[in-house]
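Coordinates only, no sequence provided:
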């Protein structure tokens, strides 16, 4: 099996790693804050359940041969559009404090609309402008939410 | 128990002026629209309506606000069914079967089922409240942390019910949700998992996390698709199919009634309320079903159970508010604020001195249940058109709206940031077969579980035998064990010789 397939097959350990690392870190952090039963009354038993179940999952996953896994169709490629949309969402939220929620929303709506297959420029522009303007108006004027709006205009 | 002469006075109060009736339809519409928007919960909608109420007399103000509350009770189901976006925690269980129904082109039916179940749930809740207002309130006073813990534990059993294909993965998701739900300042003032971020001191905001886990993970999957419903014929809004869905609810009277009763009972428990009631009712109907595997794949009974319970919970919550002056959750806290704006204090004295006004509010709520069914039909006919919007426009719109909603809810960047983190986590979980619903349940139930566990521990001094002195807790735990064993018992009863 080549390196690419080995990497694909080992992807299945990602959630085990995420949940395991989070649980161990969180128990450690909570313990450091206070080791009294009042602080850990729920955290410790819940963490033990998570770690125990992750152990079971780890054993189950190790029983699978990587080749077997790929042949069974348990690995599916991620669509570039899905990855692109995730990236745009991260960029969108990251842009809000810098560019303002109005500009960031326009950018995100236009880019994601284009990414999802809309190729008519005017539709993309009108849609992005419309959805951003409606949201800004509804949230800042109708329900008086103080929004981080751009200072560009 | 039920005071007929005061009831007559209440009817007199309501019929003496047309003014109180004028606010019902606008109130229902405001509640429906507000709660249907991702991130705008029913309690936020109520809070936004609060400034209008000082210009009304107390009865009219309460009728208006309870109409918003009633509309909001169902509004959350609309986005839950159409986009897998629960407008509020009380609509979480509605997504489990409502959204699969919508994807299968049965969105008209699902919306109709939800609407009819909500209206009947509201009706049952308030009728029971009119009859049993005082006994319900005195029962709530007897509930201590041990009893509340028993109720919350019952809700937690849903983690195992919604485990998906693997019990271990379901438990990982549910208990990791419980852990995440305890992030922030602990009850004793300890800082846990805040990573030095001040915005996390109050914990991880649940609604942005819930939107990320349930909705965004689904929206990522939809990237590149054409429409939410692939069949063009099924996309058309259809009044006849909405009505057909509404009528079909009456084929499941047991589910409807059980959901409504669970809602009233749980809705009255302060701090638990409708967000647990819909989960408990869903878990109950799934366990009782002869075909539990069909749940989560578009079983209409799942929608009936969830919607009847979360709307009848409104009646239970109103019992504690009116009779004890205790708000059971965010929405009733806003109603309590409206009380004080009119110099009214809820509680036993208020009930004794103004029972006619209390009955008038409750009677108007019974009328609101019918109003919801009528206004709601037209509203969902329009809302159902969402499935005709191409995904290339719908998906970005939902993300933008959710980002604004989560920002408005938290007032800081913590809302959108949590939305992003949980969107990515939700997508990873779905990709590797970890169910997201148990994590949402864990997140929702972590604060009441920890709080009541700690208070029970302090009350009992760590002595487990203490529970034997709590008959109500024993009854709840007995019912919990019975409901868990019910599928096995039913199989035994059905096949006695095997």
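Everything's here; your move. Remember, predicted model here, so these are calculated numbers, not experimental data.

where does the stretch 51-200 of chain B dip in pLDDT?
B:134, B:136-138, B:140-141, B:160-164 (pLDDT under 70).

run the last query once more with 50
Judged by pLDDT under 50, the stretch 51-200 of chain B has no weakly predicted residues.

got the contact list for residue 101?
Reading this off chain A. A:136, A:147-149, B:403-404, B:407 (Cβ atoms under 8 Å, 6 or more residues apart in numbering or on different chains). The C-beta positions use only the backbone N, C-alpha and C, and glycine is treated the same way.

nope, chain B please
Residue B:101 touches B:81, B:107, B:109-110, B:298, B:300, B:303, counting by Cβ under 8 Å, 6+ apart.

ok, now with 10 Å
B:81, B:107-111, B:113-114, B:245, B:297-300, B:302-303 (Cβ atoms under 10 Å, 6 or more residues apart in numbering or on different chains).

same check, this time on residue B:264
Taking Cβ under 10 Å, 6+ apart as the criterion, residue B:264 is in contact with B:121, B:124-129, B:132, B:136, B:277, B:309, B:312-319.

Against residue B:202, how distant is it?
31 Å (Cβ to Cβ, to the nearest Å).

picking that back up, can you flag the buried ones in the contacts of residue B:101?
Taking 16 or more other Cβ atoms under 10 Å in any protein chain shown as the criterion, what is buried in the contacts of residue B:101 is B:81, B:107-111, B:113-114, B:245, B:298-300, B:302-303.

which of those residues lies closest to residue A:55?
Distance to residue A:55 across those (Cβ to Cβ) is lowest for residue B:302, with 32.3 Å.

and residue 13, what does it touch?
Using chain A. A:20, A:57-58, A:61-62, B:432.

meant chain B actually
Contacts of residue B:13 (Cβ under 10 Å, 6+ apart): B:20, B:59, B:356-357, B:359-361, B:363-364.

residue ranges of the helices in chain A, please?
For chain A, the helices defined by DSSP state H cover A:3-10, A:14-33, A:37-40, A:43-63, A:66-71, A:80-99, A:101-115, A:121-136.

export those to TSV and tack on distance to residue B:488?
Below are the helices of chain A laid out as TSV (distance: least, Cβ to Cβ, whole Å):
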stretch	distance to residue B:488
helix A:3-10	38
helix A:14-33	30
helix A:37-40	34
helix A:43-63	23
helix A:66-71	34
helix A:80-99	41
helix A:101-115	48
helix A:121-136	51
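
can I see the domain layout of chain A?
A:3-63, A:80-142 (automatic domain parsing).

can you pull the buried residues of whichever strand or helix holds residue B:475?
Per DSSP states H and E: residue B:475 is located in helix B:471-494. For helix B:471-494, the neighbour count (16+ other Cβ under 10 Å) marks B:473, B:476-477, B:480, B:483-484 as buried.

what's around residue 6, how many residues?
Going with chain A. 12 (other Cβ atoms under 10 Å in any protein chain shown).

look at chain B instead
Neighbour number of residue B:6 under other Cβ under 10 Å is 16.

so it makes contact with residue B:356?
Yes: counting by Cβ atoms under 10 Å, residue B:356 is a contact partner of residue B:6 at 4.9 Å.

residue contacts, the most centrally placed residue in chain A?
What sits nearest the mean C-alpha location of chain A, by Cα atoms, centre = their mean, is residue A:86, with 7.0 Å. Counting by Cβ under 10 Å, 6+ apart, residue A:86 makes contact with A:78, B:216, B:220, B:223, B:420, B:423-424, B:427.

let's see it at 7 Å
B:220, B:424 (Cβ atoms under 7 Å, 6 or more residues apart in numbering or on different chains).

Equivalent analysis for the one 3 residues further on, please.
The contact partners of residue A:89, by Cβ under 7 Å, 6+ apart, come to B:399, B:420, B:423.

TSV please, covering the residues you listed and showing distance to residue B:172.
Formatted as TSV, the contacts of residue A:89 follow (distance: Cβ to Cβ, whole Å):
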residue	distance to residue B:172
B:399	27
B:420	22
B:423	19
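
ok, and of those, which contact chain A?
Restricting those to those touching chain A (Cβ under 7 Å from any Cβ of the partner chain) yields B:399, B:420, B:423.

Check which helix or strand the first one maps to.
Looking back up the chat, that one is residue B:399. According to DSSP H and E, residue B:399 maps onto helix B:391-410.

For that helix, name the packing helices and strands.
In terms of contacts (3 or more Cβ pairs under 7 Å, 6 or more residues apart in numbering or on different chains; DSSP states H and E), helix B:391-410 is packed against helix A:80-99, helix A:101-115, helix A:121-136, helix B:206-210, helix B:217-222, helix B:414-431.

if you set the cut-off to 6 Å instead, what comes out?
Secondary-structure packing of helix B:391-410 (3 or more Cβ pairs under 6 Å, 6 or more residues apart in numbering or on different chains; DSSP states H and E): helix A:101-115, helix A:121-136, helix B:217-222, helix B:414-431.

Least confident of the ones you listed, on average?
With a mean of 80, helix B:217-222 has the lowest mean pLDDT of the helices and strands packed on helix B:391-410.

returning to that earlier point: just the buried residues out of the contacts of residue B:264, in PyMOL syntax.
To isolate the buried members of those in PyMOL, using 16+ other Cβ under 10 Å:
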select buried, chain B and resi 121+124+125+126+127+128+129+132+136+277+309+312+313+314+315+316+317+318+319
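
tell me which residues of stretch A:44-62 are tucked away?
Going by 16+ other Cβ under 10 Å, stretch A:44-62 has these buried residues: A:46-47, A:49-51, A:53-54, A:57, A:61.
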